[in-house]
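1. using only what follows, build the 3D model:
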Amino acid sequence: MTYDALQLKINCLTDYHHVLFYDDKILCIFGFTQSISDWEKETPEIARLLKEFNLIAGVSRCFQSLGELHQHYLQANYMMKIGFLLEKDFCFFSYDENAIYHLIKLLPKDINLKQFCHTKILVLEEYDSKNNTELIPTLQVYLENQKSVTRTAKLLFIHRNTVIYRINKCTELMHTPMEDGNEMFSFIFSLRILEYCNKQL
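-> Alright, predicted model coming up:
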């Protein structure tokens with residue numbers, strides 16, 4: 001399909017937007033009366049189009065002035081890079097949800113990022129390495145999806161019982177019920193650092 005045909009398809013999706021091609025990318029500027037919290041669910045037509053053409057959308061933060069356009073284009077552009085490198089089954093990568101990767105990338109390259117990881121997460125990493133298990137990626141998906149066993153199983157293409165077993169193993173090794181909010185924040189932060197290191201973003 002040509003760019004013109006694809007642009008026409010995008011034009012049909014909403015009355016509040018501008019679409020153009022810039023730097024070999026499709027740039028869409030949307031005007032909505034309220035912010036979008038879940039692009040996959042709240043813009044199903046766009047999600048369907050992205051899946052149809054195997055595309056990834058980088059989503060910047062909201063902005064009010066066209067003078068901010070370049071800064072927010074850079075945010076969206078970086079989110080596209082993150083999307084390709086993380087290889088997750090998502091169409092949309094939001095800057096608000098993934099700015100941590102940008103922050104990490106801006107740190108000097110000689111910094112040992114793992115020094116910022118929670119020690120309990122490093123215990124899991126060592127266990128995975130020694131036993132060829134996948135506790136770390138399972139825990140990350142689990143925590144990032146409100147500790148939903150069903151959602152975790154679906155995203156990882158594994159059985160619910162496998163998720164339950166792995167999470168129970170995590171709580172056993174980490175000696176934590178994973179209920180404290182501050183600890184959960186530190187865990188997710190640490191897991192994303194490890195993901196960044198492993199993917200070499």
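
2. buried set for stretch 77-84?
-> The neighbour-count check on stretch 77-84 (16 or more other C-beta atoms under 10 Å) flags 77-83 as buried. Every residue, glycine included, has its C-beta placed from N, CA and C.

3. domains in this structure, by residue range?
-> 3-105, 113-199 (automatic domain parsing).

4. let me see the mean pLDDT of the longest one.
-> Put plainly, it is domain 3-105. Taken as a whole, domain 3-105 carries a mean pLDDT of 82.

5. repeat for stretch 184-201
-> Here the average pLDDT along stretch 184-201 is 90.

6. for this structure, what spans make up the helices?
-> Assigned by DSSP state H, the chain shows helices spanning 3-11, 39-42, 44-52, 69-86, 95-105, 119-131, 135-144, 149-156, 160-174, 181-199.

7. now those in CSV, with distance to residue 23?
-> Rendered in CSV, the data for the helices of the chain read as follows (distance: least, C-beta to C-beta, whole Å):
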stretch, distance to residue 23
helix 3-11, 13
helix 39-42, 22
helix 44-52, 18
helix 69-86, 8
helix 95-105, 18
helix 119-131, 37
helix 135-144, 30
helix 149-156, 31
helix 160-174, 40
helix 181-199, 23
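
8. any idea which of these is most buried?
-> Among the helices of the chain, ranked by average contacts under mean count of other C-beta atoms under 10 Å, first place goes to helix 135-144 (a mean of 21).

9. what helices or strands is that helix leaning on?
-> Contacts defined by 3 or more C-beta pairs under 8 Å, 6 or more residues apart in numbering; DSSP states H and E place helix 135-144 against helix 119-131, helix 149-156, helix 160-174, helix 181-199.

10. adding distance to residue 142, write those helices out as TSV.
-> Formatted as TSV, these follow (distance: least, C-beta to C-beta, whole Å):
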stretch	distance to residue 142
helix 119-131	12
helix 149-156	5
helix 160-174	6
helix 181-199	10
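
11. residue 170 contacts residue 134, doesn't it?
-> No: judged on C-beta atoms under 8 Å, residue 170 makes no contact with residue 134 at a distance of 10.9 Å.

12. just to revisit the earlier point, the helices and strands packed on helix 135-144: which one's closest to residue 100?
-> Evaluated over those, closeness to residue 100 peaks at helix 181-199, with 5.4 Å, by C-beta to C-beta.

13. identify the residues contacting that closest one?
-> If you take C-beta atoms under 8 Å, 6 or more residues apart in numbering as the criterion, helix 181-199 is touched by 85-86, 100-101, 104-105, 113-114, 116-118, 120-122, 125, 136, 139-140, 143-144, 176, 178.
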